[in-house]
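*Asks:* Please work out how this folds:
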Amino acid sequence: MFMMDLKKVKEVIDLMKEYDLVEIELVDGDAKIHVKRPGAQGGMMQAVPMLQQAPAAAPAVGTPAPEAAPSAPHAGLVEIKSPIVGTFYQAPSPDADPYVKIGSQVEPDTVVCIIEAMKVMNEIKAETAGTIVEVCCKDGQAVEYGHVLFGVRP
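*Replies:* Okay, here's the model as predicted:
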């Protein structure tokens, strides 16, 4: 039997809430903890080594959440996807205009949004040229790795 620091368990639960994780498993040598939210259905599982201190980075998500298949009118669109797990923001501050909106022209180096991860604001660039035709997230929405943020018509 091993003693697990309750502070670490609370940090794991807080990470689950912050990143909307359904299930997480931590392994430290022979010690292992597996946490699953009540009512969670299968899906993701996270393996992260336990640290002596608070985690320094968000755990990576192995598979993105399933999304609805795009309808025919959106065929041929280039998708701008989230490169990290975090919180989506359309503008640099709550009172500022969004970086882009439907109809905006973008170039590969155009900043289209911010994703906050572990209190760090990460600017996300379009990495393609075209016109924004679809905004797939709401301000403040939690996003996973690979989650579609925008649809761009090249």
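
*Asks:* continuing past the helix or strand of the chain with the lowest mean pLDDT, what's the next helix or strand?
*Replies:* None of the helices or strands of the chain scores lower by mean pLDDT, DSSP states H and E than strand 47-49, at a mean of 44. The helix or strand immediately downstream of strand 47-49 is strand 78-81, counting by DSSP states H and E.

*Asks:* so for that next one, what's the average pLDDT?
*Replies:* If you average the pLDDT over strand 78-81, you get 94.

*Asks:* Same check on stretch 105-119?
*Replies:* Here the average pLDDT along stretch 105-119 is 94.

*Asks:* For it, measure first residue to last.
*Replies:* End-to-end distance of stretch 105-119 (Cα to Cα, to the nearest Å): 29 Å.

*Asks:* which outside residues touch that stretch?
*Replies:* Here stretch 105-119 makes contact (Cβ atoms under 8 Å, 6 or more residues apart in numbering) with 56-58, 80, 82-92, 98-100, 121-132, 137, 143, 149-150, 152. The C-beta positions use only the backbone N, C-alpha and C, and glycine is treated the same way.

*Asks:* Buried ones in it, by neighbour count?
*Replies:* Using 16 or more other Cβ atoms under 10 Å as the test for burial, stretch 105-119 gives 106, 110, 112-115, 117.

*Asks:* What is the nearest of those residues to Val22?
*Replies:* Ala117 (18.2 Å; Cβ to Cβ).

*Asks:* What's opposite the closest one in the beta bridge?
*Replies:* When assigned by DSSP bridges, Ala117 has beta-bridge partners Val120.

*Asks:* before we move on, what about Ile132?
*Replies:* With DSSP bridges as the criterion, Ile132 is bridged to Val152.

*Asks:* so what's it up against?
*Replies:* Ile132 makes contact with 100-104, 106, 112, 150-152, according to Cβ under 8 Å, 6+ apart.

*Asks:* make it 7 Å
*Replies:* By Cβ atoms under 7 Å, 6 or more residues apart in numbering, the contact list for Ile132 reads 100-104, 106, 150, 152.

*Asks:* Most neighbours among the residues you listed, which one?
*Replies:* Among these, the one with the most neighbours (other Cβ atoms under 10 Å) is Phe150, at 26 neighbours.

*Asks:* That one: helix or strand, and which one exactly?
*Replies:* Phe150 belongs to strand 148-153, assigned by DSSP H and E.

*Asks:* hmm, back to that, for the contacts of Ile132, give me TSV that also has distance to Lys10 and secondary structure.
*Replies:* Formatted as TSV, the contacts of Ile132 follow (distance: Cβ to Cβ, whole Å; DSSP: H, G, I helix; E, B strand; the rest coil):
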residue	distance to Lys10	secondary structure
Val100	38	coil
Lys101	40	coil
Ile102	42	coil
Gly103	45	coil
Ser104	42	coil
Val106	41	strand
Phe150	36	strand
Val152	41	strand
